[in-house]
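Q: sequence plus predicted model, see below.
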Amino acid sequence: MPRSSGRSPREAGTPITARSEMSPGPTFERVYHALKEQVMHGRFAPGEHLEPVAIGRELNASITPVRDVLHRLVGERLVEAPRHDGFRMPSPTEAELRSLYGWNSELIDIGLRRLRGVAKARFQSQSYSTGVGADSPTAELFAVIARRSGNYEHGAAVANMNDRLAAIRLVEARYFEDFDAELFRMRSLLDEADLGTLRRAVVAYHRRRQKHAPELLVLAHSAAQSNFTPTTA
């Protein structure tokens, strides 16, 4: 059965003034966080055109900070600017989505291999949030592994993948009936420092999603078009 968290994207901030347009720092940050949250909530369908004027009107901002934010999201690979002809959401093919899952699996496995021999007690103090996107339990689990790897670049790479996979993970939570149980098992294995079993579970987690890439992409399109508010993932 479809599940909904009822969580809506962040409210827009106060109206901009002429002075804030000349000094767009606070406006940029507000628009950046609001728009990125919408992207990661699956607000826009894969391949959907993003119109800066319409976004600015919704977020109560001028076109300049909106375009600056969109360019930053292009740099983070959350938005595309094909041939510099406007902005749109990425629309991965089945093969491309499988590649994303495969790369994420490799990143997490690198972290788990570096964690061998770490004391069990170090994991038991970690808490898991119930947010969305980068703060979701799935993202938090993988972020904990990356942070413990001791390599900043590894942590940054996992954080970026958490952002890029955020919307599709919300679809996964709707598609897989045992999504919560699957996540809980991996979290438990991490808490118990059973890293060998966890490595196998992480591989199985990603291979399962690679297998169901066609169905997940179809659901991602229909979820956005029906204004679906996804559940936490």
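A: Yep, it's here.

Q: contact partners for the residue nearest to His49 when sequence neighbours are not counted?
A: In space, and not counting its chain neighbours, His49 is closest to Arg88: 5.1 Å by C-beta to C-beta, 6 or more residues apart in numbering. Every residue, glycine included, has its C-beta placed from N, CA and C. Neighbouring residues of Arg88 by C-beta atoms under 8 Å, 6 or more residues apart in numbering: 47-50, 79-82.

Q: are any of those residues buried, and if so which?
A: Buried by 16 or more other C-beta atoms under 10 Å: 48, 50, 79-80, out of the contacts of Arg88.

Q: now, those that are in strands?
A: The members of these that map onto strands under DSSP state E are Leu50.

Q: ok, so of the buried ones among the contacts of Arg88, who is nearest Leu97?
A: Glu80 (14.8 Å; C-beta to C-beta).

Q: OK, contacts around the closest one?
A: 74, 87-90.

Q: which of those are buried? Put it as a PyMOL command.
A: Here is the PyMOL command that picks out the buried ones among the contacts of Glu80, judged by 16+ other C-beta under 10 Å:
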select buried, resi 87+88+89+90
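
Q: returning to that earlier point: which residues does the residue nearest to His49 bridge with?
A: Assessed by DSSP bridges, Arg88 has beta-bridge partners His49, Glu80.

Q: separation between it and Glu29?
A: Arg88 sits at a distance of 23 Å from Glu29 (criterion: C-beta to C-beta, to the nearest Å).

Q: could you do Trp103 as well?
A: According to C-beta to C-beta, Trp103 and Glu29 sit 29 Å apart.

Q: near Ala173, how many other residues are there?
A: 20 (other C-beta atoms under 10 Å).

Q: dihedrals phi and psi, it?
A: Here is the backbone geometry of Ala173 (degrees, to the nearest 10): phi -60, psi -30.

Q: isn't it right up against Phe179?
A: Yes: Ala173 is in contact with Phe179 according to C-beta atoms under 8 Å; the separation is 4.8 Å.

Q: scan the protein for its longest helix.
A: Across the chain, the helix with the greatest residue count (assigned by DSSP state H) is helix 94-114.

Q: give the buried residues for that one.
A: 97-98, 100-101, 104-105, 107-112, 114.
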